[in-house]
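Trainee: Model the following, please.
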Amino acid sequence: MATNISALQLLAGAGIAGATYIGASYLSKKSQLSSAAKKLLQREEEEAQKAALKLSSTKFFSDLDRLRAEIQGRVILPVDGEEYHACRRRAFNQNQRGFPLCVVRVLSVSDVVACVRFAGKHRSEINLCIACGGHSSKCMMDGSFVIDLKDLKKVSLDLENLTVSVEGGAYLEEVDKALAPHNLGVPVGTYPQTGVGGLVLGAGYGFLARMYGFSVDNFLEAEIVLHTGDVVTANDNNEYSDLIWGLRGGSGNFGIVTKFVFKVHKLPKHCVCGAVAQLTPTLSSAVHSISEFDRLVDDVPDNMAALGVLAGGAPVSPSIWAHFGEEDSVSKIPVLQKATKLGGWVTVSNNIKEQSYHKDLQSMTTPLVMSGHIYHTLVQFGQQGKPLPEEFWQTLVSFTRQKLNHTLVKATLLLFFMGGKMASNDRDGTKTCVSASVRSARYFGIIEAYWKPEFGEEGKNAAREWAKKITEIIKPQSNEALRYAAADDSVNTAGVVEIYKDQAGYGEEAYIKLRALKKKYDPTNFFKNNVNITPAE
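Mentor: Residues are numbered from 1 along each chain as shown. Got it, this is the predicted structure:
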């Protein structure tokens, strides 16, 4: 039996009610704004005025006219009204939309060079941030000088060599748009509005990753602006081969990548994919469903992807599946047939069928990922080939099924099954700085808790506690996590927190090498607002 409820609505967890809270601040007509949204706008104006006053007291303020004359792009200041706020709102996490002193929307590599040299000249006063897709927690910080790459988004496909060049500000959807007509693909993410830059420099996962490896396993070459303003090209076959190794997982520590070159792959003929959701209103039915999911993924071949979802307080067990091959229907793929029967009282939604990878699968997580006030962190846990004990799932589901705190909009744990080429590629770390332990993990998990903005710190604390509890439950099974910026410093309070410290995610030998590279290419830690690596002494 099926209902009219879509799997994607179930995946969203909060549905229309959640979207109402999240979207309130975007209403364009003031007459439609709630009192909370009006207060938010008033606060934004007050903070912008403070930023403008602070800017006017800096020494570099008088030098901005020179920068304007030197670049093609726009220098945007706190006095520029809605244009300034539109830049700030590029930060996907509304809780991390700071009030920069200056945002420069660059239009060319030469613009980036000019901005880097300007920031270097005034370094004593400038806190430099880089904005690509806007998902970094440190892309729009209070009092910062932001180089915004949004308009550097050209994608160029080389069909003869099967490579694609992507400028540093491009979104995943722009890459998919260029590759779709040729049925080509590269493993870059699962959400269309993710920036290529931040994703790839942190290793990069996607629905194609089990077939072709992490994004960095397909990252051939980079054009990068160093702290000196010099522009260099790094690949495995030139004098900057050490630099390309560090860029494959080392975050934005070494400079600003203005162009990525990736190897692309001819995709199999058919993509059979979709979301399925079981109604699991009791604890026992929910535990059974996720345990069955965990057992089934060991039968998944490399040409399949699987994503499980634990939605806070929701009586459903959703999952997303994708199969790439010659088969064009579920009836021809035994593992997918099993995926539609993972227990539960009844299947409330099932849209697994032949669909487009670029148009349908790559946008399938969109209902899960909405802008808002978010507490976000990452985990990795388990080992390939070893299903987790049912007691583990019992504890985890017992918590996620609890009614959410009244200050929260929604909370989810996304479980991306790893393995395949992610696990087998570059085990010795000669091509990338991603550790073997990261590659061996069973699941890559994204923990996100959204709170209602009107509850302020109370909501943030509730979101933090939800994420903290998840990490505490997972800790006995935890692995190192791919290195992305944490939600805030308080992530270092429990659970898999240690993953963001020092050598974690790299291993001792690789981390020593990365620190030496940092000293070589950025000795004064000019590029520090990232998942930072301390230069060697």
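
Trainee: Next, count neighbours for the residue nearest to residue 394 when sequence neighbours are not counted.
Mentor: Counting by C-beta to C-beta, 6 or more residues apart in numbering, residue 394 lies nearest to residue 287, which is 5.2 Å off, once chain neighbours are set aside. All C-beta spots, glycine's among them, are computed from the backbone N, C-alpha and C. By the measure other C-beta atoms under 10 Å, the count of residues near residue 287 is 23.

Trainee: so residue 287 makes contact with residue 400?
Mentor: No: counting by C-beta atoms under 8 Å, residue 287 stays clear of residue 400, with 10.7 Å between them.

Trainee: re earlier: then the residue nearest to residue 394 would be within a helix, right?
Mentor: Yes: assessed by DSSP: H, G, I helix; E, B strand; the rest coil, residue 287 belongs to a helix.

Trainee: show me what contacts it?
Mentor: 390, 393-394, 397 (C-beta atoms under 8 Å, 6 or more residues apart in numbering).

Trainee: what helices or strands is the helix or strand that residue 222 is a member of leaning on?
Mentor: Taking DSSP states H and E as the definition, residue 222 sits inside strand 219-225. Secondary-structure packing of strand 219-225 (3 or more C-beta pairs under 8 Å, 6 or more residues apart in numbering; DSSP states H and E): helix 109-121, strand 231-235, helix 241-247, strand 256-263.

Trainee: Look through this structure and tell me its longest helix.
Mentor: helix 35-56 (DSSP state H).

Trainee: what's the next secondary structure element after that helix?
Mentor: Following helix 35-56 in sequence, per DSSP H and E, is helix 64-70.

Trainee: Quick one: the helices in the stretch 151-300 of the chain, in order.
Mentor: Along the stretch 151-300 of the chain, counting by DSSP state H, counting those that start in this stretch, helices occupy 172-179, 196-201, 209-212, 241-247, 283-296.

Trainee: Just the CA trace of the first one, in CSV.
Mentor: Okay, so that is helix 172-179. Taking Å, rounded to 0.1, in the frame of the first residue of the first chain, the C-alpha atoms of helix 172-179 are listed here in CSV:
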residue,chain,number,x,y,z
LEU,A,172,27.9,21.4,-8.6
GLU,A,173,24.8,22.0,-10.7
GLU,A,174,26.9,24.0,-13.2
VAL,A,175,29.2,21.0,-13.6
ASP,A,176,26.3,18.6,-14.1
LYS,A,177,24.7,20.9,-16.7
ALA,A,178,27.9,20.8,-18.8
LEU,A,179,28.3,17.0,-18.5
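
Trainee: What ranges does the stretch 351-500 of the chain have for its helices?
Mentor: Under DSSP H, counting those that start in this stretch, the stretch 351-500 of the chain gives helices at 390-400, 421-424, 436-440, 456-474.

Trainee: returning to what we had before: please identify the most buried of the helices of the stretch 151-300 of the chain.
Mentor: Greatest average neighbour count among those goes to helix 196-201 (a mean of 28), per mean count of other C-beta atoms under 10 Å.

Trainee: Name the strands paired with the strand holding residue 222 and say parallel or antiparallel.
Mentor: Applying DSSP bridges, strand 219-225 is found paired with strand 231-235 (antiparallel), strand 256-263 (antiparallel).

Trainee: can you put these in TSV and add distance to residue 508 and mean pLDDT?
Mentor: Shown next, in TSV, are those (distance: least, C-beta to C-beta, whole Å; pLDDT from 0 to 100):
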stretch	distance to residue 508	mean pLDDT
strand 231-235	24	98
strand 256-263	26	98
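
Trainee: And those strands: which comes nearest residue 413?
Mentor: strand 256-263 (29.4 Å; C-beta to C-beta).

Trainee: so the closest one versus helix 109-121, what angle?
Mentor: 140 degrees (axes from the mean of the first three to the mean of the last three C-alpha atoms, to 10 degrees).

Trainee: Run the chain-centre distance for strand 256-263.
Mentor: 17 Å (C-alpha atoms, centre = their mean, to the nearest Å).

Trainee: Identify all contacting residues around it.
Mentor: Contacts of strand 256-263 (C-beta under 8 Å, 6+ apart): 109, 112, 116, 130, 147, 149, 152, 162-168, 186, 188, 196-197, 200-201, 215, 218-225, 231, 235, 247, 527.

Trainee: Next one, pLDDT for residue 182 please.
Mentor: Looking at residue 182, its pLDDT is 98.

Trainee: typo on my end, residue 23
Mentor: Predicted confidence (pLDDT) for residue 23: 35.

Trainee: Low-confidence stretches in the stretch 101-250 of the chain?
Mentor: In the predicted model of the stretch 101-250 of the chain, no residue satisfies pLDDT under 70.

Trainee: Repeat the analysis, applying 90 as the threshold.
Mentor: 135-137 (pLDDT under 90).

Trainee: Output the contacting helices and strands for the host helix or strand of residue 147.
Mentor: Secondary structure assignment for residue 147, by DSSP H and E: strand 145-148. Using 3+ C-beta pairs under 8 Å, 6+ apart, the elements in contact with strand 145-148 are strand 102-105, helix 109-121, strand 128-131.

Trainee: give me that answer again for 10 Å
Mentor: With contacts taken as 3 or more C-beta pairs under 10 Å, 6 or more residues apart in numbering; DSSP states H and E, strand 145-148 sits against strand 74-76, helix 82-88, strand 102-105, helix 109-121, strand 128-131.

Trainee: how about JSON lines for those, with mean neighbour count added?
Mentor: Shown next, in JSON lines, are the helices and strands packed on strand 145-148 (neighbours: other C-beta atoms under 10 Å):
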{"stretch": "strand 74-76", "mean neighbour count": "19"}
{"stretch": "helix 82-88", "mean neighbour count": "17"}
{"stretch": "strand 102-105", "mean neighbour count": "26"}
{"stretch": "helix 109-121", "mean neighbour count": "21"}
{"stretch": "strand 128-131", "mean neighbour count": "26"}
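
Trainee: To residue 66, which of the ones you listed lies closest?
Mentor: Closest among the helices and strands packed on strand 145-148, using C-beta to C-beta: helix 109-121, at 8.1 Å.

Trainee: Look up the closest residue to residue 139, ignoring the ones flanking it.
Mentor: residue 131 is the one closest to residue 139 (C-beta to C-beta, 6+ apart), at 4.1 Å.

Trainee: whoops, I mixed them up, residue 290
Mentor: residue 393 (5.2 Å).
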